[in-house]
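Requesting a structural model of the entry that follows:
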Amino acid sequence: MTAWKNFWFSTGPRHSTGVLRILLAGWILLDSVSFLPGLSAVAARPESLFFPAAGLRWFGIGWPGDWIPVLVPAAWVLAAAAFVGAGTRVSLLGLAAVNWILQGFASSWVYVGHASILPAVALVILAFSPGVRAWSLDALLEALARRRAGDPQGLFHRLAGAPIPAWPVRLILAVLALTYLAAGIAKIRDGRADWFSGRTLQWYLEGQAGQKRLGDSTQFFVARRSAPAEARFRDPWGLERIANSAGPSRLGKLVARSRAACAVASWLSAVLELAFVLVLFVPRAAQAALLVSMALFHGGIALLMGIDFSGYVVLYLAVLDWNAVLRAVPSWFAGSSPRA
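Below you'll find the model as predicted:
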């Protein structure tokens, strides 16, 4: 029990949810450039095919037409406020709620925003985490006021804040681990020979999934191979099997020429996804090696398939000792340090 308690609630200067807030809110702002304007087309989709995501149903949130015009501007304001740390806790809570609703709307038709789901979950965790006011405008204004009042503590100390428990970072890693574990198990349970032979990956890299079946490159449904021709009217809106669209690069299409190369990549992806759970338990050096491997994995997906999972990689940065990094930067913070 003591080890379990220490795992979640031990404190130290290593983790900084304040820096993670900046990184995640910054990523959301960048993602919003394409995501938020695209929501204007959501209400124009067939209402008969609208099926609210589970979270929306829990709270009785239905057709998005009346919500989107209000929530999209709010998302821009809240993301910017969370990034700079203005009304930090309130802006984070608001952004977490608004982002969650908007992502739910985007996932209430065929499309499911896999690349944005984990950042949205992490944002909710962060909104309730201790230490999120570190490195914020709120903390800066408070520190300057205290300095004018004669407070002898250094500015770095005030901005970095007190040590925080490890649970926010470890909970985010646990959510990542469960997601990857589910993906790895799905490859074994559902993909089987199609996946591990390299056939599935080869199909994506050849560009077979890149057809604009719904008017844009997104996810779509396909009938089972055994389905009779008269049942294929369901494509791409049917309920047989889902497929992700991909925009393979020239390099990706080159790799697709080799079934062996696709098989090796398929095996490596499954091994990495299944092994990621070790990130919670291995020493720091092994943890770093695993996170770097996963970052390269997602980089390969982006390079070969044109699918961006950068939001996941941003979450990996939570494990860094950001206060040590910032303390090492020669700046006007020199000569002071955060509380140990």
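
Check the spacing between residue 300 and residue 165 real quick.
Using Cβ to Cβ, to the nearest Å, residue 300 is found at 35 Å from residue 165. Glycine gets a C-beta too; all of them are placed from N, C-alpha and C.

same deal with residue 200?
42 Å.

next one: residue 124
17 Å.

what's the closest non-adjacent residue to the most centrally placed residue in the chain?
Residue closest to the average C-alpha location in the chain (Cα atoms, centre = their mean): residue 119, at 3.0 Å. Take residue 119 and drop its neighbours on the chain: the residue closest to it by Cβ to Cβ, 6 or more residues apart in numbering is residue 311, 3.9 Å away.

buried ones in the helix or strand hosting the one you found?
Assigned by DSSP states H and E, residue 311 belongs to helix 310-316. In terms of neighbour count (16 or more other Cβ atoms under 10 Å), helix 310-316 has its buried residues at 311, 312, 313, 314, 315, 316.

now what about it, what contacts it?
Outside helix 310-316, the residues within contact range by Cβ atoms under 8 Å, 6 or more residues apart in numbering are 23-24, 27, 31, 115-116, 118-119, 122, 172, 176, 291, 294-295, 298, 302.

Quick one, which of those has the minimum pLDDT?
pLDDT across the contacts of helix 310-316 is lowest for residue 115, at 84.

show me the residues around that residue that make contact.
307, 308, 309, 310, 311, 312.

Would you tell me what the next helix or strand after the helix holding residue 311 is?
The helix or strand immediately downstream of helix 310-316 is helix 322-328, counting by DSSP H and E.

okay if I get the buried residues of helix 310-316 as TSV plus distance to residue 71?
Converted to TSV, those look like this (distance: Cβ to Cβ, whole Å):
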residue	distance to residue 71
311	20
312	24
313	27
314	23
315	24
316	29
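
Pick the one among these closest to residue 149.
Using Cβ to Cβ, residue 314 is the member of these that sits closest to residue 149, with 36.8 Å.
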